[in-house]
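Chemist: Got a predicted model here, sequence first, then my questions.
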Amino acid sequence: MTTFDPTAFLPDDLLARIRERAPIHDRDNTFPQDDLDELRDAGYLSILVPTERGGAGLGLVEAAILQQRLATAAPATALAINMHLVWTGVAKVFSDRGVTGLEFVQDGAVAGEVFAFGISEGGNDLVLFGSDTDAVPTADGGYSFTGTKIFTSLAPVWTRLGLHGLDTTSADAPKLVFAFVERTDAVATGDDWDTLGMRGTQSRTTRVNGAVADAAHVVRRIDPGPNPDPIVFGIFSVFEILLASVYTGIARRALDLAVETAQKRRSKKTGAAYSQDPDIRWRIADMGLAYDALPPQIAALAREVDERVDNGARWFTLLSGVKHRAITMSKHVVDQAMLVAGGGSYFSSNELSRLYRDVLAGAFHPSDPESAHATAASAWLGPLDA
């Protein structure tokens, strides 16, 4: 069994350049175009595409490791790229299970196209199970979409937007329609991304006004609500695992910075390095114990997706749970790292200050804490009484 070498896809020198640019994009609230260009040139956009279609042929296990590594350098870049990797990951879930329909995503990724994730909508807590966007069938088998999507990462640069909408007019309506539209005059990208953290993602609001997906790019029509369709499992599994990976990468960077600081700082009182202080040692040990639990959990679930393990309805608890644990762990670790580093970490120029702001975004991604706990409660206690 060969050991996966992440430096083959994210070399140290590339990671160093990405890390060097991260504070600039955070300060200036700009998209990391150079990061995207270098990652595209390195073949990173097609890591999940099978080798027979020109990609690297990696599994979700390896992609999760790479996203953890990328997040140690630039969390916002990793989170933005995540959304492209979600769609290529869903395409892999499809092809691994003999489901057709997303080959154009794989071919597009190899050609350098950038796929954005247009699922989130303001006030829509149904997420994958419903949509406030209108999906109207066209005469040639395509769909026209009208609505507003929020948190559209990669907003300035995507070439295709994967989205969903609700068809209420067809004979078999209602149906949720998943499709891909191109960037045309029917798509308006807002300039409203001025946030506390994750600024480089440029996850701006996107308004579609009659944006058309042709028949070849309409991927699924399914019933609204919880659904065993591969599109739902594909999105949910890849999204949650790669999201957990990004925030676990943030925790790893915070832990490394805390260790580095403890070894460098010396106490005026004792003259000893902070690494010899019992309280600091306990704090870093606590961070390490929390962090160490997540990479193997992520790897185990990713492997089960890759190997097509059938966990049935339990998948939703497992996936929402690993995302929730990654977020709470990462926030705890960054909090502790700030205390180890001392008051200097409170300055905006300090990397830990940026990590502190970036990690806060995790609570707002699906599944949110309320949803994760409701899913776990139903798994252990059964559904609520009607």
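Modeler: Nice, I can see it.

Chemist: R266: neighbour count?
Modeler: By other Cβ atoms under 10 Å, the residues close to R266 number 13. Heads up, the C-betas are built off the backbone N, CA and C, glycines and all.

Chemist: Could you give the bridge partners of it?
Modeler: Beta bridges link R266 to A273, judged by DSSP bridges.

Chemist: could you measure it against T248, distance?
Modeler: 31 Å (Cβ to Cβ, to the nearest Å).

Chemist: any low-confidence regions in this structure?
Modeler: 1-2 (pLDDT under 70).

Chemist: Please enumerate the strands of it.
Modeler: 115-118, 134-137, 143-152, 160-167, 175-182, 187-189, 204-213, 218-222 (DSSP state E).

Chemist: Wait, T261 touches L339, no?
Modeler: No. T261 is beyond contact range of L339, at 10.5 Å (criterion: Cβ atoms under 8 Å).

Chemist: more crowded one of the two?
Modeler: Applying other Cβ under 10 Å to T261 and L339 shows that T261 carries more neighbours, namely 20 against 12.

Chemist: Tell me the spatial nearest neighbour of that one, not counting adjacent residues.
Modeler: Excluding its sequence neighbours, the residue lying closest to T261 (Cβ to Cβ, 6 or more residues apart in numbering) is A341, at 4.7 Å.

Chemist: Tell me if I'm right that that neighbour and L255 touch.
Modeler: No. With contacts counted by Cβ under 8 Å, A341 stays clear of L255, the gap being 11.5 Å.

Chemist: mind listing the helices in this protein by residue range?
Modeler: Remark: helices assigned in the chain by DSSP state H are 12-28, 33-41, 60-73, 75-96, 103-110, 230-264, 278-292, 294-306, 314-341, 351-359, 369-381.

Chemist: For E103, see how far away A109 is.
Modeler: Between A109 and E103 the computed distance is 11 Å (Cβ to Cβ).

Chemist: count of residues packed around the residue found closest to A179 once you drop the neighbours it is linked to in the chain?
Modeler: The spatial neighbour of A179 that comes closest, neighbours along the chain excluded (Cβ to Cβ, 6+ apart), is A213 at 3.6 Å. Residues lying near A213 (other Cβ under 10 Å) number 27.

Chemist: now A213: how far from V61?
Modeler: Distance of A213 to V61, given as Cβ to Cβ: 32 Å.

Chemist: ok, back up a step: which one of the strands of the chain lies closest to S345?
Modeler: Closest approach to S345 among those is made by strand 143-152 (27.5 Å; Cβ to Cβ).

Chemist: Can you give the strand pairings for that closest one, parallel or anti for each?
Modeler: Going by DSSP bridges, the partners of strand 143-152 are strand 134-137 (antiparallel), strand 204-213 (antiparallel).

Chemist: what's the angle from it to strand 175-182?
Modeler: Angle between the axes of strand 143-152 and strand 175-182 is 80 degrees (criterion: axes from the mean of the first three to the mean of the last three Cα atoms, to 10 degrees).

Chemist: Would you mind finding the most buried of the helices of the chain?
Modeler: helix 75-96 (a mean of 26; mean count of other Cβ atoms under 10 Å).

Chemist: Surely E240 is in contact with F316?
Modeler: No. Using Cβ under 8 Å, E240 makes no contact with F316, being 9.3 Å away.

Chemist: which residues does R207 bridge with?
Modeler: Bridge pairing for R207 - DSSP bridges - gives T148, A188.

Chemist: Please work out how many residues are found near it.
Modeler: The number of residues near R207, taken as other Cβ under 10 Å, comes to 16.

Chemist: I'd guessed it sits against D192; true?
Modeler: No. Using Cβ under 8 Å, R207 is not in contact with D192, being 10.9 Å away.

Chemist: any idea how far the nearest residue to F9 once chain neighbours are set aside lies from V334?
Modeler: Using Cβ to Cβ, 6+ apart and skipping the chain neighbours, the partner closest in space to F9 is L66 (5.7 Å). Counting by Cβ to Cβ, the gap from L66 to V334 is 21 Å.

Chemist: what does L352 give?
Modeler: Remark: distance between L352 and V334 (Cβ to Cβ) = 7 Å.
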